[in-house]
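Quick one: sequence plus predicted model below, questions after.
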Amino acid sequence: FVNIPYETGLGLKYRQAIENLQKSELLKGVRLLAPQPSPKIFGYRASFKLAVRAKQGVLQIGLFKPGTHQVVDMNSCPLHVPVLRRLLKGLQALLSDLVSQGAVSAWDEQTEQGDLRYVVARASHLTGEIQLVFVVQDESKKEVYKTIVRELKKQDLTINSAFLNINPEGGNAIFSRNFMKLSGQEQVRVALNNMNLSASPSSFLQVNPWQASLLYGRIAALAGTEGR
């Protein structure tokens, strides 16, 4: 949807959602409201979950090409909030150096070998604080990842909390239940619609905090509880 006008994409997504709900017979007796546009078209996405792989010895961090496990390398994404774009740039450089030195290896799905499988980050859109998670095969390189966090902090990035997630299993699940704190706090602070929330690495939050605030406010208004 990025390459078409925002209003067109919003209309398409709205109609698709309505069609899916109708197929599930969830709209009987329901009054539909028009979709509310996002306050931000770009620079709104406050989290990412990116695969880490290597191709011919070159590190790749990005998303899977649809229908495959081929990583589309991402140096920057216009949808991410600026602090996450800076974080990704720093991670790319640090991890590329470590891979070339043999200190860290990217996960290989064919051989089921390697250390680092995914990097996951969430940013507080109002404070710039970052929660960073490295999804790894085991904890043997824990000190290496602590060093990465320290180096990122030197780049004027506020890493509020950092974790390893130990996931030795196959399959498509990114996280296991096993989180190990590397540094900082257990949670990151996020403010939405005048509510102060604390999010752990496994917490779900809407990726667009500006739109989420409007969503919660709209629900409160419709329920007659606005301001309570």
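Thanks, I have it.

Residue 124 - nearest residue in space that isn't next to it in sequence?
Distances taken as C-beta to C-beta, 6 or more residues apart in numbering place residue 190 nearest to residue 124, at 5.1 Å, with adjacent residues excluded. All C-beta spots, glycine's among them, are computed from the backbone N, C-alpha and C.

residues touching that neighbour, list them.
For residue 190, the contact set (C-beta atoms under 8 Å, 6 or more residues apart in numbering) comprises 122, 124, 125, 126, 196, 197, 198, 199, 205, 209.

For residue 121, see how far away it is.
Per C-beta to C-beta, to the nearest Å, residue 190 is found 13 Å from residue 121.

you'd agree residue 77 is up against residue 86?
No. Checked against C-beta atoms under 8 Å, the pair residue 77 and residue 86 is beyond contact range at 12.0 Å.

shared neighbours, the two?
Common contact partners of residue 77 and residue 86 (C-beta under 8 Å, 6+ apart): none.

Of all the residues in stretch 83-103, which ones are buried?
Using 16 or more other C-beta atoms under 10 Å as the test for burial, stretch 83-103 gives 83-88, 90-92, 94-96, 98-99.

That should have said stretch 43-62, apologies.
For stretch 43-62, burial by neighbour count (16+ other C-beta under 10 Å) applies to 43-48, 50-54, 59-62.

taking those one by one, which sit in strands?
In this view, the buried residues of stretch 43-62 that belong to strands under DSSP state E are 47, 48, 50, 51, 52, 53, 54, 59, 60, 61, 62.

what's the most distant pair in the residues you listed?
Within those, 47 and 54 form the most distant pair, 24.0 Å apart (C-beta to C-beta).

Please, where are all the strands along this structure?
Ranges of strands in the chain, per DSSP E, are 47-55, 58-64, 71-73, 116-123, 130-136, 159-166, 179-184, 188-192, 195-199.

next one: the fifth one to chain centre, how far?
It stands for strand 130-136. Computed by C-alpha atoms, centre = their mean, to the nearest Å, the chain-centroid distance of strand 130-136 equals 10 Å.

The fourth one too?
In terms of C-alpha atoms, centre = their mean, the gap separating the centre of strand 116-123 from the centre of its chain is 7 Å.
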